[in-house]
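Undergrad: Build me a structure from this.
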Amino acid sequence: MAGGGRVRYWPVGRFFNTTGPVVAADHYCIPPLDRLDLREVLDLVRTGRYFVLHAPRQTGKTSALLALRDLLNGGTEGEYRCVYVNVEVGQAGREDVDRAMRAMLTQLAARCRLTLGDDLVNRIWPDTLQRSGPDAALQDVVSRLAEADPRPLVLLIDEIEALVGDTLLSVLRQLRAGYDLRPAGFPQSVVLCGVRDVRDAWRDACLAGTHEYGRESPISNAGISRRDDDAQTTCDRRRTVPPGWRLRGALRGARPTRPFVRPAPARGPVRHLR
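TA: Predicted coordinates:
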């Protein structure tokens, strides 16, 4: 405190952040997109793929998604409209699909308004939910959002594994149902991001007898990426394990320092044959 009882405020510089997505202007960080194989991700987006990005917590997944959103909306990688949405808000609904869908559509509407300056979703989702029901509302809303602009729509869905049971099934089925309408009537590309590969989470629930919808993922045939080798090889290839670490048993593939992007099978060989 300076003389005379006045408080002196010192400017706050950059600092280390451990509480959520980084902001490069405020936090010490490596460029968020350096944590991805950006060339591969952009190739998946351009070719209309729906793919999975997953890694443990605090490894930069959300920061990378937000940076990818800004890159795609910036126009340097082509003309896209990209929206990020965190569906964790639907977790409290559990098996109540209507309650969860209300929360997720509200979140999507807010993100579209703030990111794209587009109020369409906010205007249409209540009537769409009432008319189409929770098991078709997401597909209808996203379809109309894609139709509203000639630029391809890219949808980044974060915390997908937070959804459970009928709610998760409904979201995945609706994404699969609209897949053949892209890019004019549905997102050209969708990223499903979370701590776990959402297909593994679904398969585990089915094997445990929690649900009886069949063991195959509801999105397995919609161009979704697949695991093409074991965790040990993936970690070695992507250099996600610090030098000197030894991977044993349950630790295999643990604590990666960058998210895993799962390309579809045979994409590598096909790319090299072009």
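Undergrad: For Tyr80, which non-adjacent residue is closest in space?
TA: Closest residue to Tyr80 apart from its sequence neighbours, by C-beta to C-beta, 6 or more residues apart in numbering: Leu72 at 4.3 Å. Quick note: C-beta positions are derived from backbone N, CA and C, even for glycine.
Undergrad: The helix or strand that contains that neighbour: which residues count as buried?
TA: In the assignment (DSSP states H and E), Leu72 maps to helix 61-74. Neighbour counts over helix 61-74 (16 or more other C-beta atoms under 10 Å) mark 61-69, 71-73 as buried.
Undergrad: What of stretch 180-192?
TA: By neighbour count with 16+ other C-beta under 10 Å, stretch 180-192 contains the buried residues 182-183, 186-192.
Undergrad: Now do the strands in the stretch 51-200 of the chain.
TA: 81-86, 153-158, 189-194 (DSSP state E, counting those that start in this stretch).
Undergrad: most packed of those?
TA: strand 189-194 (a mean of 26; mean count of other C-beta atoms under 10 Å).
Undergrad: What helices and strands are in contact with that strand?
TA: The contact analysis (3 or more C-beta pairs under 8 Å, 6 or more residues apart in numbering; DSSP states H and E) places strand 189-194 against strand 50-54, helix 61-74, strand 153-158.
Undergrad: okay if I get the strands of the stretch 51-200 of the chain as JSON lines plus distance to Ser132 and mean pLDDT?
TA: JSON lines is the format used below for the strands of the stretch 51-200 of the chain (distance: least, C-beta to C-beta, whole Å; pLDDT from 0 to 100):
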{"stretch": "strand 81-86", "distance to Ser132": "19", "mean pLDDT": "96"}
{"stretch": "strand 153-158", "distance to Ser132": "18", "mean pLDDT": "95"}
{"stretch": "strand 189-194", "distance to Ser132": "20", "mean pLDDT": "90"}
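Undergrad: Val164 is nearest to which of those strands?
TA: Val164 lies closest to strand 189-194 among the strands of the stretch 51-200 of the chain, at 12.3 Å (C-beta to C-beta).
Undergrad: Now the closest residue to Gly165 other than its chain neighbours: phi and psi?
TA: Spatial nearest neighbour of Gly165, chain neighbours left out: Glu95 (4.5 Å); criterion: C-beta to C-beta, 6+ apart. Phi and psi for Glu95, reported as degrees, to the nearest 10, are phi -90, psi 0.
Undergrad: State the distance from Glu95 to Asp180.
TA: 28 Å (C-beta to C-beta, to the nearest Å).
Undergrad: cool, Gln107 as well?
TA: Distance of Gln107 to Asp180, computed by C-beta to C-beta: 26 Å.
Undergrad: ok so, going back, to Glu88, which of the helices and strands packed on strand 189-194 lies closest?
TA: Nearest to Glu88, of all the helices and strands packed on strand 189-194, is strand 153-158, at 7.5 Å by C-beta to C-beta.
Undergrad: Dump the buried residues of stretch 180-192 to CSV, plus distance to Asp127.
TA: Formatted as CSV, these follow (distance: C-beta to C-beta, whole Å):
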residue, distance to Asp127
Arg182, 24
Pro183, 25
Phe186, 20
Pro187, 21
Gln188, 26
Ser189, 28
Val190, 24
Val191, 28
Leu192, 27
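Undergrad: With that, I have no additional questions.
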